[in-house]
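[1] sequence and predicted structure below; questions after.
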Amino acid sequence: MENELPITKFLILFLIVSNLGFSQSKNEPIIFRNKIEKQKSFRITKFMQTVEIDTTVVVKTNDTLNFLNDFKYFDDEALFKSYVNYVFSNRNTTIQQFIVPVLIYLDSKIPDNISTEYKKFVNSIPKIDNLNISFTNKKEDANYLLSVSEKDFFGISKKDLEKFNEQDYNKLVFLKMFASLSNDQNGNLYAYHLKISPSILKNKNTLNKLKKAFFKSLGNFSTLIYGAPKGSTLDFETTEIDDLIDEDIQVLKMHYHYIYNFRINARNFYNLYYNYKQKKI
């Protein structure tokens with residue numbers, strides 16, 4: 001399917017990433033693209049339906065980075081380090097953001113008790129600038145689909161599964177889940193589909209895994225074995241999730257503080273950070 005990217009491997013960070021290994025200079029200019037590229041339309045697939053989205057990719061220079069003047073989350077050093085760990089545990093990762101309202105449809109096969117608690121969790125997320133989340137009873141209107149597969153599946157390869165003890169299987173968020181998404185070349189998200197294996201509905205930890213999976217999908221965040229506070233949706237060991245803890249909320253606010261219309265990898269993100277710090281001097 002064009003521009004629909006299946007997620008087959010889910011990254012788990014074994015050590016806290018405090019240094020990504022980039023040679024950074026505080027005077028290094030931010031260069032996102034060397035030339036202007038124009039494209040009349042970008043075709044995405046949303047649940048088997050093709051949609052055309054108008055896009056234009058442009059050069060971004062320091063003159064257009066005025067949003068850094070108010071990037072207050074860069075003042076919190078601890079939050080900055082946590083955010084980098086969650087988002088850039090893999091140096092090839094780029095920031096992903098929903099740039100359209102998230103409209104969720106829940107499959108009727110999902111038990112009522114799970115659906116009710118899932119909605120309660122999502123609706124408990126406080127107001128986040130640039131992020132709008134709601135539910136719909138019309139599948140055709142949704143761009144975020146949570147569905148139950150007809151057949152059972154593992155969702156994680158046997159090779160990756162062998163890296164964990166059997167007692168840790170219940171902590172693997174995407175075991176017996178499969179996610180696919182529609183995005184553009186800048187990492188902007190338009191649609192997300194989380195398919196779950198029917199056998200997972202018998203697991204008492206299903207609701208907590210769905211809560212974790214939802215939070216992770218909002219920014220392609222990584223689960224950490226070390227470094228995330230207990231109770232966080234991004235903490236590998238946490239298996240009981242009620243509401244988001246404060247760090248989860250702050251990470252989400254930082255992630256959606258500004259909607260980037262250019263691609264942000266780890267190097268560019270560090271350069272944004274250094275540019276902000278220079279403005280404060």
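    The structure has been received and is ready for your questions.
[2] kindly provide the distance from T238 to T223.
    Distance of T238 to T223, given as CB to CB, to the nearest Å: 9 Å. The way it works is simple: take the backbone N, C-alpha and C, and place the C-beta from them, glycine included.
[3] of these two, who's got more company?
    Taking neighbours as other CB atoms under 10 Å, T238 and T223 compare with T223 leading, 25 against 18.
[4] which ones are touching the residue nearest the centre of the chain?
    Taking CA atoms, centre = their mean, the centroid of the chain lies closest to G219, which sits 1.9 Å from it. Contacts for G219 (CB atoms under 8 Å, 6 or more residues apart in numbering) come out as 86-87, 95-97, 251-252, 255.
[5] hmm, try it at 10 Å
    83, 86-87, 95-98, 131, 187, 189, 251-252, 254-256 (CB atoms under 10 Å, 6 or more residues apart in numbering).
[6] what's the closest of those to K279?
    Nearest to K279 out of those is M254 (CB to CB; 17.4 Å).
[7] which helices and strands does the helix or strand that contains the closest one pack with?
    According to DSSP states H and E, M254 maps onto helix 246-255. Counting contacts by 3 or more CB pairs under 10 Å, 6 or more residues apart in numbering; DSSP states H and E, helix 246-255 is packed against helix 77-87, helix 206-217.
[8] on that earlier part again, what distance do you get for the residue nearest to the centre of the chain to N69?
    From G219 over to N69 (counting by CB to CB), the distance is 23 Å.
[9] same question, L252
    22 Å.
[10] which of these two has more neighbours?
    Applying other CB under 10 Å to L252 and N69 shows that L252 carries more neighbours, namely 21 against 9.
[11] who does the longest helix seen in the chain touch, helix- and strand-wise?
    Longest helix in the chain by number of residues (criterion: DSSP state H): helix 266-280. Helices and strands touching helix 266-280, by 3+ CB pairs under 10 Å, 6+ apart, are helix 77-87.
[12] need the contact partners of the helix it packs on.
    13, 15-20, 73-74, 76, 93-96, 216, 219-224, 226-229, 232, 234, 247-248, 250-255, 264, 266, 269-270, 273.
[13] same question, stretch 119-127
    Under the contact criterion CB under 10 Å, 6+ apart, stretch 119-127 has outside partners 102, 104, 106, 131, 133-135, 144, 207-208, 210-211, 214-215, 218, 233, 241-244, 248-249, 252-253.
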